[in-house]
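S.K.: my questions are about this predicted structure, shown below with the sequence.
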Amino acid sequence: MRKPIIHFMMFFYFFLFFTSCLTINIYFPEAAVQKTAEEIVDDVRKSKEEGEKEQKKDVSQSVFSLVPAAYAQQEETVSTPRIRALKQSLRDKESLLLPFFQKGNIGEANDGFIQIRNENSLSLKEKAELRRVVKDVNGDREDLYREVAKALNIDQNQIPRIQKIFAKRWIENSRTGWWIQKEDGQWERKK
């Protein structure tokens, strides 16, 4: 009679020991997301002149070292056809946002999206255009965050963390005088 109790107790203690040592780690490659955010945001926000200069530089470098450049790019950047398309779409819409940023109608929110701040000085046509562009840009950004998560094999539940990392980069890359939202939710003009 005592042996079954002893076996049961041993089994119970082994079970307790192994389950107490079990930890679940959710992998989140923060450095990779930060690097991706830097590359994407910097590329979207650069002026057309900078983009043309960089494109010429890339072409001249690729003539001399085609294989090493392609290998380095593959290893260091997160890029899929969908991410490239979203980046191009955001770049195309950047010029439409610029006047609204400069007038203070919109600002970079701390959640990785653009937020309308003030429409008072705008005509009905301008208000409609502003709302359309902000909706399109925010839709592209939402898709971008989802695609970055997919490309880096990050669980979809971690997208808010990706958004925060991108938000920080969007805010850092904003121009002086643009409205930015601080972590506590307060708005201020970037200095």
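M.R.: Structure received. Numbers count the residues shown, from 1 in each chain.
S.K.: pLDDT weak spots in the chain?
M.R.: Applying pLDDT under 70 to the chain picks out residues 1-2, 14, 16-26, 47-77.
S.K.: now the strands for it?
M.R.: 106-108, 114-116, 179-181, 187-189 (DSSP state E).
S.K.: partner strands of the second one, with direction?
M.R.: By that I understand strand 114-116. Using DSSP bridges, the strands paired with strand 114-116 are strand 106-108 (antiparallel).
S.K.: residue contacts, the spatially most central residue of the chain?
M.R.: In the chain, the centroid-proximal residue (CA atoms, centre = their mean) is F166; its distance is 3.5 Å. Counting by CB atoms under 8 Å, 6 or more residues apart in numbering, F166 makes contact with 37, 40-41, 112, 141, 144-145. Any C-beta I mention is one placed from the backbone N, CA and C, and that applies to glycine too.
S.K.: also G139?
M.R.: G139 neighbours (CB under 8 Å, 6+ apart): none.
S.K.: one more time with 10 Å
M.R.: Going by CB atoms under 10 Å, 6 or more residues apart in numbering, G139 touches 86, 89, 113.
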